[in-house]
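> next come a sequence and a model predicted from it.
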Amino acid sequence: MSPPFRVLPRLDDTNREFWTGGAHGELRFWRCQDCGFYLHPPQPICPIDRSKRLAPEAVSGRARVASFTINHQPWMPGLELPYVVAIVEIVEQPSVRLTTNIVNCEPGAVRIGMPVRVVFEHHADPDGDVYLPLFEPDPEAS
Ligand SMILES: [Zn+2]
C-alpha cells in the first residue's frame, strides 16, 4: 500500500536530521551540548544558556498525547477517514511538541495523556526521501 499524499517539507541543513532520521529508525532533534536542552523547531542558539554547541541527537521516540482532534473531513486526498491529528510531547522534554497523526489505533480510543511511540512513514522524493514521524499506541509504556 502506498502512503497517502502529503505535503512534504523542504529539506535544509537545519531540518534534515529531523525529517530523515527515520531512515535509521531514529527521531532526532537538535540538542544543546552544554545544557542538554532539545531545540524544536531548530534554532541557531540555545534559548537556555545561549550556547552554539548544538548537535542532532536521537530520542527514545516515546511521547504522550497532549491534545488531539478526530478529523472527518477529507482535507487531503488519500487519507483514510476519520483520522486523528494530535499534538504529542516527547517524554525527554515535554516542551518539544510535534503535530502529527495517531495511527494503528481506533480514533475513538485516543486519549489525552496516552503513551505513544514513533513510527515513520517513508516518502520517496527526488529532492531527498522524507520520513514523517507518526505515532501509534505504545504497548510497552507503563
Ligand atoms: Zn543550552
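That came through, no problem. Residues are numbered from 1 along each chain as shown.

> what does the chain have sitting close to the ion?
Listed as neighbours of the ion in the chain under the rule Cβ under 5 Å from the ion: 32, 34-35, 37, 46, 48-49, 51. To be clear about C-beta, it is placed using only N, CA and C from the backbone, and glycine gets the same treatment.

> would you list the residues you listed in a markdown table and tack on pLDDT and neighbour count?
Conversion of those to a markdown table gives the following (pLDDT from 0 to 100; neighbours: other Cβ atoms under 10 Å):
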| residue | pLDDT | neighbour count |
| --- | --- | --- |
| Cys32 | 98 | 22 |
| Asp34 | 98 | 14 |
| Cys35 | 98 | 12 |
| Phe37 | 98 | 19 |
| Cys46 | 97 | 21 |
| Ile48 | 97 | 12 |
| Asp49 | 98 | 12 |
| Ser51 | 98 | 14 |
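
> in three-state terms, label the residue lying closest to Ser67 once chain neighbours are set aside for me.
With Cβ to Cβ, 6 or more residues apart in numbering as the criterion, Ser67 has its nearest non-adjacent residue at 4.9 Å, and that residue is Ile87. Under DSSP: H, G, I helix; E, B strand; the rest coil, Ile87 falls in the strand class.
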